[in-house]
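K.L.:
Sequence first, then the predicted structure:
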Amino acid sequence: PVALPPGTQIHWRVRSSNICGPSAFSTAASFTTGNEFCRSPNLEIPDNNLTGVGDDLTISGASGTIGNLDVDVDINHTYIGDLRLRLTRVSDGTAVNLMTNPTSNPSGACSGDDMRVSFDDQGTIPAQTGCVSGAQPTMAGPRIPQQALSALSGQSLNGTWRLTVIDSANIDTGTLLRWCLKP
């Protein structure tokens, strides 16, 4: 896989090839990649602290309103089941709980390490039960947030956004490495 640059028009065309040689190129087509707004704070998540840690992302100059929003989160932590994540649009206080102390099926415990998740209302696996025992990272790929991100639809992307990460139990620690808003 190749990471495409955000907010960029990509042109493509196709040509087949076999033992008889190459075909003519298809008609050119294009698409525009979505914008993404990211932070890489490398913030330590306080252990057993219900205030947690918050990181702010300020966006300005974005046009239009939110139709669909995904939130990518990259966290190193030694027990994902301890974590709570919340996204807040600071200007009006609208908050969405992305997950609260998730579990895994069928064991119930989410004792694995690390997460590389895209919270997406159109996902197929709920974040609340999305841990995979024995996998590294223990939670990866698209996950349906605990509360729908569609609660933010129709609002401007411009403004300050805060991702709050709470570790609600003792012993295990971690770091918020990176997070992105992807309208």
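P.N.:
That came through fine.
K.L.:
C-terminal to the helix-or-strand element of the chain with minimal mean pLDDT, what's the next element?
P.N.:
The helix or strand of the chain with the poorest confidence is strand 29-32; it has a mean of 82 (mean pLDDT, DSSP states H and E). Heading C-terminal from strand 29-32, the first helix or strand you meet, by DSSP states H and E, is strand 37-39.
K.L.:
Other residues contacting that next one?
P.N.:
For strand 37-39, contacts defined as CB atoms under 8 Å, 6 or more residues apart in numbering pick out 55, 57, 59, 62, 72, 157, 163, 178-182. All C-beta atoms are positioned from the backbone trio N, CA, C, and that covers glycine.
K.L.:
Same question for stretch 4-14.
P.N.:
The contact list for stretch 4-14 (CB under 8 Å, 6+ apart) reads 25-36.
K.L.:
Tell me the buried residues in stretch 35-49?
P.N.:
35, 37, 39, 41, 43, 45 (16 or more other CB atoms under 10 Å).
K.L.:
Serialize these to JSON lines and add fields for pLDDT.
P.N.:
Shown next, in JSON lines, are the buried residues of stretch 35-49 (pLDDT from 0 to 100):
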{"residue": "Asn35", "pLDDT": "80"}
{"residue": "Phe37", "pLDDT": "92"}
{"residue": "Arg39", "pLDDT": "96"}
{"residue": "Pro41", "pLDDT": "97"}
{"residue": "Leu43", "pLDDT": "97"}
{"residue": "Ile45", "pLDDT": "96"}
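K.L.:
Listing request: residues of this protein with sub-threshold pLDDT.
P.N.:
1-3, 6, 105-108 (pLDDT under 70).
K.L.:
before we move on, back to that, could you let me know which of the contacts of strand 37-39 ends up closest to Leu98?
P.N.:
Leu98 lies nearest to Leu163 out of these, by CB to CB, at 8.3 Å.
K.L.:
which non-adjacent residue is nearest the residue at minimal distance from the centre of the chain?
P.N.:
Centroid-nearest residue in the chain, with CA atoms, centre = their mean: Asp72, separated by 1.5 Å. Nearest residue to Asp72 in three dimensions, chain neighbours excluded: Cys180, at 4.3 Å (CB to CB, 6 or more residues apart in numbering).
K.L.:
Near the one you found, how many other residues are there?
P.N.:
Look at Cys180: counted by other CB atoms under 10 Å, it has 19 neighbours.
K.L.:
what do you get for Gly21?
P.N.:
7.
K.L.:
Great, nothing more from me.
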